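Colleague: Fold the following and give me the result.
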Amino acid sequence: MQIKTKSGFLVQKPTKAEDTSINAGIAADPDSFELSDEWFDKSTPAKDFFPLETFKALVALKPT
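Modeller: Residues are numbered from 1 along each chain as shown. You can find the predicted model right below:
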């Protein structure tokens, strides 16, 4: 199933079996972790993190 992000990208969602496999891989890797809602709540949007020119350059990479 595909979903459209707020920025217009189409993203293919994994199947339940694929998601289970992905999560098992994350759990098995000691250097990896699943990001929590708390982590996202504390994160900074790219437009507030990067210098303006860098942010504009990144936005310009967006496919049309």
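Colleague: For the nearest residue to Lys4 once chain neighbours are set aside, list the residues it contacts.
Modeller: The spatially closest residue to Lys4, leaving aside those adjacent along the chain, is Leu10, at 5.7 Å (Cβ to Cβ, 6 or more residues apart in numbering). C-beta here means a position set from N, CA and C on the backbone, and glycine is covered the same way. With contacts defined as Cβ atoms under 8 Å, 6 or more residues apart in numbering, the neighbours of Leu10 are 2-4.
Colleague: And those residues, which is closest to Glu38?
Modeller: Using Cβ to Cβ, the shortest approach to Glu38 within these belongs to Ile3, at 23.6 Å.
Colleague: what's the burial count for that closest one?
Modeller: For Ile3, the neighbour count with other Cβ atoms under 10 Å is 9.
Colleague: cool, and the one 10 residues further on?
Modeller: Counted by other Cβ under 10 Å, the residues lying close to Lys13 total 10.
Colleague: Against Ser36, how distant is it?
Modeller: Distance, Lys13 to Ser36, using Cβ to Cβ, to the nearest Å: 20 Å.
Colleague: Straight-line length of stretch 34-44, end to end?
Modeller: Chord length of stretch 34-44, first to last residue, is 18 Å (Cα to Cα, to the nearest Å).
Colleague: Report the mean confidence score over that stretch.
Modeller: In this model, stretch 34-44 carries a mean pLDDT of 92.
Colleague: Can you tell me what sits against it?
Modeller: Here stretch 34-44 has contacts from 23, 26, using Cβ under 8 Å, 6+ apart.
Colleague: do stretch 54-64 as well
Modeller: Contacts for stretch 54-64 (Cβ under 8 Å, 6+ apart): 7-9, 46-47, 50.
Colleague: Contact partners for Ile22?
Modeller: Here Ile22 is in contact with Pro14 (Cβ under 8 Å, 6+ apart).
Colleague: Same question for the one 4 residues further on.
Modeller: Contacts for Ile26 were tallied using Cβ under 8 Å, 6+ apart; they are 32-34.
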